[in-house]
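*Asks:* Can you look at this prediction? I've put the sequence above it.
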Amino acid sequence: MDSYQSPFIRLLPASVPLDIIGDVHGEWLPLQQLIHFLGYDEYGHHPRGRKLVFVGDLCDRGTDSPAVLDWTIDAVASGNAYTVIGNHELNLLINDPKDGSGWFFTDRTQDEERYAPWQHYAQYKRQQLKEKIAQWPLILQRDDLRIVHAAWLPDSIKKLREYQSSSLAEVNNYWEARFHDDFRQTAWYEVYRAEIEQLGSQLENENCAMTFQPGIAHYDLLRSSHNPVRALTSGIQALTTTPFYINGRWRFTIRKPWWQQYSEPIAVIIGHYWRSWYRDGVAEHRRELFREAPTQWLGEHQQVFCIDYSIGARWRERQQSIQPAQSRMHLAALRWPEKVIVLDNGKNYLSEKKH
Ligand SMILES: [Mn+2]
């Protein structure tokens, strides 16, 4: 553990049983239901001393990101919960307003027709919220467990020691600047600039016919692995020649299943990857990422588990008037050390390892 000295790597209490909750994305009611089924009270206290762990991405897109964040901050302060930072919290800290963040970034008026009705964060509390989130780590760990939002990447974790600062935004800025310097040295830089200039707002327009853009693709590819803060919270990418539109933007890279190379004996629990609880109707780029059953551990050594079952897409179901009881998207927890999956509808499933 000494080899990972960084203010953004913290220890979980040893031997305490945990319930590790996937990306919440502002879905306040499913969160309340899930912690109820897990046996916690309304403050996140458990009568048998269990603790909650969140894998990040608590906010954006859902009905009530303010309630989810305020509740979690209180539960962390009272010692009932632990959380790491996801890419959505990082965007908030570095003032990067992305799709679905209009509850905080009021300039994002285009979010209103998509996600409303939803709760906005009170203006006077916004700075305070950022200060609280700025204290969250990137990694939580103990002898039998590693928690990170997207990817456990030893090289990125080592890089966290290279530039020391207690401000995550500052660490991120340092590495982003280094990435831009390095990218400018590559042959892709001019290609990238020309593509951005030519495409403009078409990059966010789902209805335009998009072709492969090699400059933007290589920009996203290098950026995903260069900055350790980004790599740990968003994972690393691989090129795809078939552009696809997701989360408000055209993409030319796909998420790389890093867990296939993870060979250490300590379990890693992640969120971020929009796993599907159902096998049918899954988008092509996701089907390639997860060939495993939704209850299965990942990677050659079956030591990685993704506990995100895409509740961040429930806003789509609401637009189609699909009731929560009929939802195909779930918030879930992985009980540790039991390795049981608990869904927001109260159902329990034993996770599985193939051997
Ligand atoms: Mn994420």
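*Replies:* Nice, thanks for sending it over.

*Asks:* who touches Pro337 in this structure?
*Replies:* 17, 144 (Cβ atoms under 8 Å, 6 or more residues apart in numbering). C-betas here are computed from N, CA, C, even on glycine.

*Asks:* That one and Leu145: what is the separation?
*Replies:* Noted for Pro337: a distance of 9 Å to Leu145, by Cβ to Cβ, to the nearest Å.

*Asks:* The residue of the stretch 151-300 of the chain found nearest the ion: how many residues sit nearby?
*Replies:* Closest residue of the stretch 151-300 of the chain to the ion, Cβ to the ion: His272 (3.7 Å). Neighbour count for His272, taken as other Cβ atoms under 10 Å: 25.

*Asks:* ok, now Ile266?
*Replies:* So Ile266, with other Cβ under 10 Å, has 13 neighbours.

*Asks:* nearest spatial neighbour of Glu288, skipping sequence neighbours?
*Replies:* Distances taken as Cβ to Cβ, 6 or more residues apart in numbering put Ile254 closest to Glu288, at 7.1 Å, once the chain neighbours are dropped.

*Asks:* Show the secondary-structure elements that the helix or strand encompassing that neighbour is packed against.
*Replies:* Under the criterion of DSSP states H and E, Ile254 resides in strand 249-255. Here strand 249-255 touches helix 214-226, strand 237-246, going by 3 or more Cβ pairs under 8 Å, 6 or more residues apart in numbering; DSSP states H and E.

*Asks:* Least reliable of those by average pLDDT, please.
*Replies:* For the helices and strands packed on strand 249-255, mean pLDDT drops lowest on strand 237-246, to a mean of 92.

*Asks:* What residues of it count as buried?
*Replies:* 237, 240, 243 (16 or more other Cβ atoms under 10 Å).

*Asks:* again with stretch 130-145
*Replies:* 130, 132-134, 136-142, 145.

*Asks:* Am I right that the residue nearest to Glu288 is in contact with Ile236?
*Replies:* No: applying Cβ atoms under 8 Å as the test, Ile254 and Ile236 come out as separate, 10.5 Å apart.

*Asks:* neighbour-wise, which of these two wins?
*Replies:* Comparing Ile254 with Ile236 by other Cβ under 10 Å, the one with more neighbours is Ile236, at 21 against 17.

*Asks:* pLDDT score assigned to the more buried one?
*Replies:* 96.

*Asks:* what sits against it?
*Replies:* 151, 153, 224-225, 255-256, 258.

*Asks:* phi, psi of it?
*Replies:* Torsion angles at Ile236 (phi, psi; degrees, to the nearest 10) stand at phi -100, psi 160.

*Asks:* follow-up on the earlier one: can you list the buried residues of stretch 130-145 in CSV and add distance to the ion?
*Replies:* Shown next, in CSV, are the buried residues of stretch 130-145 (distance: Cβ to the ion, whole Å):
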residue, distance to the ion
Lys130, 18
Lys132, 19
Ile133, 14
Ala134, 18
Trp136, 14
Pro137, 16
Leu138, 13
Ile139, 15
Leu140, 16
Gln141, 19
Arg142, 23
Leu145, 19
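
*Asks:* Now, those residues that are in helices?
*Replies:* 130, 132-133 (DSSP state H).

*Asks:* coming back round to it: same list, the contacts of Ile236, but as CSV with neighbour count and distance to Phe8 please.
*Replies:* CSV is the format used below for these (neighbours: other Cβ atoms under 10 Å; distance: Cβ to Cβ, whole Å):
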residue, neighbour count, distance to Phe8
Ala151, 25, 15
Leu153, 19, 14
Ser224, 21, 19
Ser225, 19, 18
Arg255, 22, 22
Lys256, 18, 22
Trp258, 20, 19
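
*Asks:* so where's this protein uncertain?
*Replies:* Within the chain, the stretches with pLDDT under 70 are 1-4, 281-287.

*Asks:* how about the residues of it near the ion?
*Replies:* 57, 86-87, 272 (Cβ under 5 Å from the ion).

*Asks:* Would you mind measuring from the residue of the stretch 151-300 of the chain closest to the ion to Ala231?
*Replies:* Counting by Cβ to Cβ, the gap from His272 to Ala231 is 12 Å.

*Asks:* Mutual contacts of those two, please.
*Replies:* Ala150.

*Asks:* Can you give the contact residues for stretch 133-144?
*Replies:* 1, 4, 6-14, 53, 56, 69, 73, 76, 82-85, 89, 92-93, 146-149, 157, 160, 167-169, 229, 232-233, 266-267, 337.

*Asks:* Specify the angle between the longest helix seen in the chain and helix 214-226 in degrees.
*Replies:* Longest among the helix segments of the chain by residue count, using DSSP H, is helix 168-184. If you take axes from the mean of the first three to the mean of the last three Cα atoms, to 10 degrees, helix 168-184 sits at 140 degrees to helix 214-226.

*Asks:* quick one: buried residues of helix 168-184?
*Replies:* Buried-residue list, helix 168-184, by 16+ other Cβ under 10 Å: 168-169, 171-176, 179, 183.

*Asks:* and the contacts of stretch 133-144, which of them are in strands?
*Replies:* 9-11, 53, 82-83, 146-148, 267 (DSSP state E).

*Asks:* of those residues, buried ones?
*Replies:* 9-10, 53, 82-83, 146-148, 267.
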